[in-house]
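Enquirer: Mind looking at a prediction? Sequence and model below.
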Amino acid sequence: MNFTRQLAVFMRAGIPIMEALEVIVEETQNKMLKAILNEMVDSLRAGDTFAASAAAHPEAFPSFYVGILESAELTGNLDNVLNQLADYIDRDVKARGKVTAALIYRPWWRQCRSSPYWSSRFSSCLASKSFSRHCTPSCRWSPECS
């Protein structure tokens, strides 16, 4: 569970933000996040707003995040907005993962498309909808595909 989602759950449960941050600090394994959250707790104790204490750490909180926090504090909807931010972050992480996987993925079938051996072998794999290991080696290591 990411920080934003945890904080949203605490806020929705009616736990004050200072206590919520302190609990998250105790539970987190990430040393950088722990240090940032400790500084945020100190900032909140000094009288800063949550958005201002987050803005002091641009390495952890991007400007759009801080802007959304500021508007949420002004409207009094911090718990709802944190939940929406958590949803957005989850979608963003998934999308970035898919893009990264697509960029890294080596399209081996393009190298072998012209091979008659490959086309018959891969056609049977397509027909069976089975992309197990037996589908790719025949082409990868075939002399026609090098």
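Expert: Cool, got the structure.
Enquirer: Check the secondary structure at Gly47 for me.
Expert: What DSSP: H, G, I helix; E, B strand; the rest coil gives for Gly47 is coil.
Enquirer: if I look at it, how far off is Leu78?
Expert: According to C-beta to C-beta, to the nearest Å, Gly47 and Leu78 sit 17 Å apart. Every C-beta, even on glycine, is put in place using the N, C-alpha and C of the backbone.
Enquirer: more neighbours, the two?
Expert: It is Leu78, of Gly47 and Leu78, that has more neighbours when counted by other C-beta atoms under 10 Å, with 21 against 7.
Enquirer: mind checking which helix or strand Ile68 is in?
Expert: According to DSSP states H and E, Ile68 maps onto helix 63-75.
Enquirer: Please apply the same query to Leu33.
Expert: Under the criterion of DSSP H and E, Leu33 resides in helix 31-45.
Enquirer: List the contacts of that helix.
Expert: 3, 17-18, 21-22, 24-25, 28, 50, 52-54, 56-57, 59-60 (C-beta atoms under 8 Å, 6 or more residues apart in numbering).
Enquirer: Tell me the confidence at the closest residue in space to Ile15 that isn't next to it in sequence?
Expert: Distance criterion C-beta to C-beta, 6 or more residues apart in numbering; nearest residue to Ile15, sequence neighbours excluded, is Val23 at 7.8 Å. On the pLDDT scale, Val23 is placed at 95.
Enquirer: isn't Val23 right next to Val9, touching?
Expert: No. Assessed by C-beta atoms under 8 Å, Val23 is found out of contact with Val9, at 10.6 Å.
Enquirer: Quick check: Ser71 vs Thr100, distance?
Expert: According to C-beta to C-beta, Ser71 and Thr100 sit 31 Å apart.
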